[in-house]
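Enquirer: show me how the following folds:
(4 chains)
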Number of protein chains: 4
Amino acid sequence: MDIQTLVTNIYHEVKPLAAKGEVAKYIPALASISPNNMAISLHYIDGKHFSIGDYNTPFSIQSIVKVLSFTLAHKALGNDIWKRIGKEPSGNAFNSLVQLEHENGIPRNPFINAGAIVLSDIILSHYKNPEQELLNFAKKTANETSISYNEEVARSEKETGYRNSALAYFMKSCKNIINPVEDVLDLYFLTCSLEMSTYCLAKSFLYLSNHGIVPSTNEQILTISQAKRTNALMLTSGLYNESGEFAYRVGIPAKSGVGGGIVAIIPKQLSICVWSPPLNEFGNSYAGICALEKFTTETGVSVF
Amino acid sequence: MDIQTLVTNIYHEVKPLAAKGEVAKYIPALASISPNNMAISLHYIDGKHFSIGDYNTPFSIQSIVKVLSFTLAHKALGNDIWKRIGKEPSGNAFNSLVQLEHENGIPRNPFINAGAIVLSDIILSHYKNPEQELLNFAKKTANETSISYNEEVARSEKETGYRNSALAYFMKSCKNIINPVEDVLDLYFLTCSLEMSTYCLAKSFLYLSNHGIVPSTNEQILTISQAKRTNALMLTSGLYNESGEFAYRVGIPAKSGVGGGIVAIIPKQLSICVWSPPLNEFGNSYAGICALEKFTTETGVSVF
Amino acid sequence: MDIQTLVTNIYHEVKPLAAKGEVAKYIPALASISPNNMAISLHYIDGKHFSIGDYNTPFSIQSIVKVLSFTLAHKALGNDIWKRIGKEPSGNAFNSLVQLEHENGIPRNPFINAGAIVLSDIILSHYKNPEQELLNFAKKTANETSISYNEEVARSEKETGYRNSALAYFMKSCKNIINPVEDVLDLYFLTCSLEMSTYCLAKSFLYLSNHGIVPSTNEQILTISQAKRTNALMLTSGLYNESGEFAYRVGIPAKSGVGGGIVAIIPKQLSICVWSPPLNEFGNSYAGICALEKFTTETGVSVF
Amino acid sequence: MDIQTLVTNIYHEVKPLAAKGEVAKYIPALASISPNNMAISLHYIDGKHFSIGDYNTPFSIQSIVKVLSFTLAHKALGNDIWKRIGKEPSGNAFNSLVQLEHENGIPRNPFINAGAIVLSDIILSHYKNPEQELLNFAKKTANETSISYNEEVARSEKETGYRNSALAYFMKSCKNIINPVEDVLDLYFLTCSLEMSTYCLAKSFLYLSNHGIVPSTNEQILTISQAKRTNALMLTSGLYNESGEFAYRVGIPAKSGVGGGIVAIIPKQLSICVWSPPLNEFGNSYAGICALEKFTTETGVSVF
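Expert: As a prediction, the model looks like this:
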């Protein structure tokens, strides 16, 4: 069976499963998204691509942006980034304060909320126009222009994001936030509001499948080693507290967001993005995980 | 030996011990206080009193104000206050987030920071002019007028009080803070900046020795039962994570502050206030605890 | 109203409340106890006493024995006991391993299970015939002879006491248990199986009301200071995770057991023991707490 | 550069680094091992192999056996094994009780001690002669016979393994251990005492590189999916609390033991075993990790 047929079959098989999940409700802008949206996009490093469903509809990528933020912060600080963030899976819910307190304000990894707040702080310190920088970075890696922030979403998140404020102030008390907390959170919430389609998102992440180089422009974003290591972090920590389960069932590096998107990497081959808003109990797209599991099972392409 | 001689002896014996502690340094206004300040004041419910040392020098009462805030909040809400705060000792450092997370944003007791932030929130909701209300309450219970906030201290605390912001935002995320966090913290830090002398402070707390009635004015502040219960809370939770040790060694209800003050209650007899700025590892006045231990040992007046 | 009438009234008022609790079911010997048993006994230090209900029926005193074990261990080690056990309230369920791990195998206080297991270890090291020693001590303080272990209860507890084995082995790994774990647990479970009536139990604890001296024999068990400090520990930690609530509502030092007994101390006056097997959610006698609350409210005798 | 030269170079480069680690000292049998032992063995799935150093010296494989135990238990229970053990990285030290208590006695994954104790319990329930079964399994997968338990090591471990007893009794209290704790621990400690050389160990693990089939005998040990998933577990949880760091720096599935061995898998290609007894702060072979990092860096063979 060719990949197009396979992906088409998977799309139709998993679409009904979305009903088992629940759309994120904590802000109106997310709660109002139709649970019936569904899309899958694949981009190969050789330029081929295939998409099905609502693949041109931009959606809130939320935590998926943490990978882009990490790339920017990693480029800015190099290995010094590890003085401020760890590399270990968290073993706790993504917004837990407990671990942060036991470990003196050093977040376990860049993909939990606390870690991404530190990433925002680093970006704020190292780039002149941080908001524009991240947006441009998303556009550049995707080689697409139809990408934008959703300021209403950012505002809503900020108004209800007390837990993130608690994380940020706690890290400030441990001196692991340099800039004013308000500024850091503004950038954090704005970056989470980035909207991209599965088509754009899969294309944007292709540099991680291609050892650090954007295939469509040949621009080197990261060194080979940095790109591989970003994939390693995604594999161990990319799906919140379900990362071990996902590595076990699906077996490829990936990052999810509460908007219902998941982007995954098959090193040296392709990137794949799935979008289906209803979430499982861990905050990951219910149908999205099913689709990716079927994909690696049928193609046998897991990294293991 | 009469009490005056006894207290005078204790004053001279423990004064040199202050050198074993360290003055709180986290804000300039506290760090600059001379470690040599020392005072002891006793007020009997029959009006007699005795003081020695710097007993007319106002100092930052800090956490001691939590007892006054608790009294105001308790009067406002009655037993409903226990829907928002617990009564159990915390078993953790006074500003720990861990327990708060495990217990869904309900602080263990009113005398840890998180608990006192909830008290500020309650006072903000129930009194028209909350800052004035608390100040007047301190003046009224002391039957003295030379009591005031130190706005410089309040400002300094706020500028560095990130841990308290983290606690407040976390409780806000659990819906246990009703008012805007900024307003709650403004009141919290202002009340902590209250300045009183040992003479005033001991006099102010006399209503807790006298079953709820201010002896000098006969005003009933609390019911007998409420007054006794406030004493019980002070005994189990009044000295941060050293409360058990203090109950064991000293055996009377008390409340301490990082300004180096401790007020203690001998039910039906007297209140006693000690001030010596250098603190032990738990954040309690080093010489203050020694003085109170000697006092109860020599007089045999512990509640046990 | 005289005390006899008052206690009789309380007895009849609270007896029906026992139905709101549940008898401990984890071992058959406790599960089979009739929930309708109820007794109250008072002993004054001047020799007067009053009892009502099943006050001659021996019951399993369970954790109440920890006070007797503490007395024996305290006499043996003096203040060195505090190198191996803390004095702070635990802030966690009585059999929690979490705190023990965070604090390197030093139990928070002598009245949580981990603490009492260390007490057994100390008694084992310092007394030739430890089982007999504790039994004799109970008899001596009560000045009564009808007190015995229930070996069937001890055996049952041991067979199901895996949590206590976990605590003991953990402390052994931290070198805070000296003797073989099996021996320590044998003694621990045996002492918990001690059976006494409310009449005997109240009489036995009278040395704590009387500053360390058994009134009926004039034998000095503890120094004044040690006796008062034992009361302080009971007040801050005697009712598991409900200690703060009990201090607040009832206001006197007490120790409870899952057999449904509670012994409480009014310093310099009397000891009081209540027995009613059904327990509340914290493992304390439901009706027992109600009875004691009524007693201190009506008589106004709390320590505060 | 051919692989033999590369591995020979790595061997000589990292051997001196062993001096930065420390040999495990908690039992005499491990403490007496010379820190100068060092060996590297590679086995390709096509039968080629290369070894250097002390590759014929059997050493205590310790926690590495957990992968073999997991394979046996997984074969016995199938997916039901996940009712008793999780798949998530632990985020805590390998012998922590805290997480176990918060998660009701279900270990986070099969490769922390608590998880492996549950594996022993499962093996005990499902195999007639469990000790012999595991030994035979090691021999069969290695297609070698010179493999044996070291009963002195097992005895030593048992005599000092109080922390593991605490874990086992705790899980027993949560009903997640079926057999008597003593029997489970006997099997657990015996399996940890298994001794194999790097030559044998790399060969034994080749079924995980070869999608479940022992290349030298063609025997199918696991399904493709089970083999891949075992690799995923090793990648997320194979190096205790350093698993994320190892995935980041080295990027391949691996399992370490306190005897100083590490076995790693390059899917579809080879298995590699390194042995150097001195350990880093996480309990993993200091030089072993360096050797594996150099290997994947130079060959570029990480799974990412």
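
Enquirer: show me the contacts for residue A:149.
Expert: Taking C-beta atoms under 8 Å, 6 or more residues apart in numbering or on different chains as the criterion, residue A:149 is in contact with A:131, A:135, A:190-191, A:193-195. Where C-beta positions appear, they are placed from N, C-alpha and C, glycine not excepted.

Enquirer: how close does it get to residue A:195?
Expert: 7 Å (C-beta to C-beta, to the nearest Å).

Enquirer: quick revisit: drop anything exposed from the contacts of residue A:149.
Expert: The neighbour-count test (16 or more other C-beta atoms under 10 Å in any protein chain shown) applied to the contacts of residue A:149 identifies A:135, A:190-191, A:193-195 as buried.

Enquirer: columns distance to chain C, secondary structure and pLDDT on top of those, output as JSON lines?
Expert: Formatted as JSON lines, the entries for these read as follows, by distance: C-beta to the nearest C-beta, whole Å; DSSP: H, G, I helix; E, B strand; the rest coil; pLDDT from 0 to 100:
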{"residue": "A:135", "distance to chain C": "44", "secondary structure": "helix", "pLDDT": "98"}
{"residue": "A:190", "distance to chain C": "38", "secondary structure": "helix", "pLDDT": "97"}
{"residue": "A:191", "distance to chain C": "36", "secondary structure": "helix", "pLDDT": "97"}
{"residue": "A:193", "distance to chain C": "38", "secondary structure": "coil", "pLDDT": "97"}
{"residue": "A:194", "distance to chain C": "39", "secondary structure": "coil", "pLDDT": "98"}
{"residue": "A:195", "distance to chain C": "43", "secondary structure": "strand", "pLDDT": "98"}
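
Enquirer: now those in TSV, with distance to residue B:170?
Expert: As requested, these are exported to TSV (distance: C-beta to C-beta, whole Å):
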residue	distance to residue B:170
A:135	31
A:190	23
A:191	23
A:193	23
A:194	27
A:195	29
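
Enquirer: relative to chain D, which of those is nearest.
Expert: Using C-beta to the nearest C-beta, residue A:191 comes nearest to chain D of the buried ones among the contacts of residue A:149, at 23.1 Å.

Enquirer: contacts only, for the nearest residue to the closest one once chain neighbours are set aside.
Expert: Spatially, and ignoring its direct neighbours in sequence, residue A:191 is nearest to residue A:65 (4.9 Å; C-beta to C-beta, 6 or more residues apart in numbering or on different chains). By C-beta under 8 Å, 6+ apart, residue A:65 lies in contact with A:116, A:134, A:138, A:191-192, A:194, A:257.

Enquirer: name the element residue A:65 belongs to?
Expert: helix A:65-77 (DSSP states H and E).

Enquirer: with residue A:52 instead?
Expert: Here residue A:52, judged by DSSP H and E, is contained in strand A:49-53.

Enquirer: which neighbouring elements make contact with that strand?
Expert: Using 3 or more C-beta pairs under 8 Å, 6 or more residues apart in numbering or on different chains; DSSP states H and E as the contact definition, the elements that strand A:49-53 packs against are helix A:3-14, strand A:39-44, helix A:198-204.

Enquirer: give me whichever of those is most buried.
Expert: Scoring the helices and strands packed on strand A:49-53 by mean neighbour count under mean count of other C-beta atoms under 10 Å in any protein chain shown gives helix A:198-204 as the most buried, with a mean of 29.

Enquirer: residues contacting that one, please?
Expert: Among residues not part of helix A:198-204, those counted as contacts by C-beta under 8 Å, 6+ apart are A:39-43, A:49, A:51, A:53-56, A:58, A:61, A:64, A:68, A:138, A:141-144, A:146-147, A:196, A:216, A:261, A:263, A:271-275.

Enquirer: which helices and strands does the helix or strand that comes right after it pack with?
Expert: On the C-terminal side of helix A:198-204, the nearest following helix or strand under DSSP H and E is helix A:206-209. Packed against helix A:206-209, as judged by 3+ C-beta pairs under 8 Å, 6+ apart, are the following elements: helix A:224-237, strand A:261-266, strand A:270-275.

Enquirer: average pLDDT for the first one?
Expert: By that I understand helix A:224-237. Mean pLDDT, helix A:224-237: 95.

Enquirer: the second one now?
Expert: In this model, strand A:261-266 carries a mean pLDDT of 98.

Enquirer: tell me the contacts of the closest residue to chain C within the stretch 51-200 of chain A?
Expert: The stretch 51-200 of chain A approaches chain C most closely through residue A:102 (8.7 Å), counting by C-beta to the nearest C-beta. Taking C-beta under 8 Å, 6+ apart, we find residue A:102 in contact with residue B:98.

Enquirer: separation between it and residue A:174?
Expert: Distance of residue A:102 to residue A:174, given as C-beta to C-beta: 12 Å.

Enquirer: related to what we said a few turns ago, dump the strand holding residue A:52 to CSV, keeping only the CA atoms.
Expert: Taking only C-alpha atoms (Å, rounded to 0.1, in the frame of the first residue of the first chain), the coordinates of strand A:49-53 have been written out as CSV:
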residue,chain,number,x,y,z
HIS,A,49,4.3,16.0,0.7
PHE,A,50,0.8,14.8,1.3
SER,A,51,-2.0,16.2,3.3
ILE,A,52,-5.6,15.2,4.0
GLY,A,53,-8.5,16.9,5.9
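
Enquirer: which elements pack onto the very next helix or strand once past it?
Expert: The first helix or strand that comes after strand A:49-53 along the chain, using DSSP H and E, is strand A:59-60. If contacts are counted by 3+ C-beta pairs under 8 Å, 6+ apart, strand A:59-60 sits against strand A:195-196.

Enquirer: how about a cut-off of 10 Å?
Expert: The criterion is 3 or more C-beta pairs under 10 Å, 6 or more residues apart in numbering or on different chains; DSSP states H and E, and the helices and strands that strand A:59-60 contacts are helix A:28-31, helix A:151-160, strand A:195-196.

Enquirer: so for residue C:27, which of those sits nearest?
Expert: Minimum separation from residue C:27 across these (C-beta to C-beta) falls at helix A:151-160, 49.1 Å.

Enquirer: around chain D, pick out the residues from the stretch 151-300 of chain A.
Expert: Remark: the part of the stretch 151-300 of chain A in contact with chain D comprises A:208-209, A:211, A:224-225, A:227-237, A:241-253, A:265, A:267-268, A:296-297, A:300, using C-beta under 10 Å from any C-beta of the partner chain.

Enquirer: Throw the helices and strands packed on helix A:206-209 into a markdown table and include distance to chain B and mean neighbour count, thanks.
Expert: What follows is the helices and strands packed on helix A:206-209, written out as a markdown table (distance: least, C-beta to the nearest C-beta, whole Å; neighbours: other C-beta atoms under 10 Å in any protein chain shown):
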| stretch | distance to chain B | mean neighbour count |
| --- | --- | --- |
| helix A:224-237 | 20 | 25 |
| strand A:261-266 | 24 | 28 |
| strand A:270-275 | 28 | 28 |
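
Enquirer: export those to JSON lines and tack on distance to residue B:108?
Expert: Formatted as JSON lines, those follow (distance: least, C-beta to C-beta, whole Å):
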{"stretch": "helix A:224-237", "distance to residue B:108": "32"}
{"stretch": "strand A:261-266", "distance to residue B:108": "39"}
{"stretch": "strand A:270-275", "distance to residue B:108": "43"}
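
Enquirer: what's the closest of these to residue B:154?
Expert: Each of the helices and strands packed on helix A:206-209 was checked against residue B:154 via C-beta to C-beta, and the shortest separation belongs to helix A:224-237, namely 41.0 Å.

Enquirer: ok now the helix or strand following the closest one, how far from the chain's centre?
Expert: Per DSSP H and E, helix A:224-237 leads on to helix A:243-249 as the next helix or strand towards the C-terminus. In terms of C-alpha atoms, centre = their mean, to the nearest Å, the gap separating the centre of helix A:243-249 from the centre of its chain is 16 Å.
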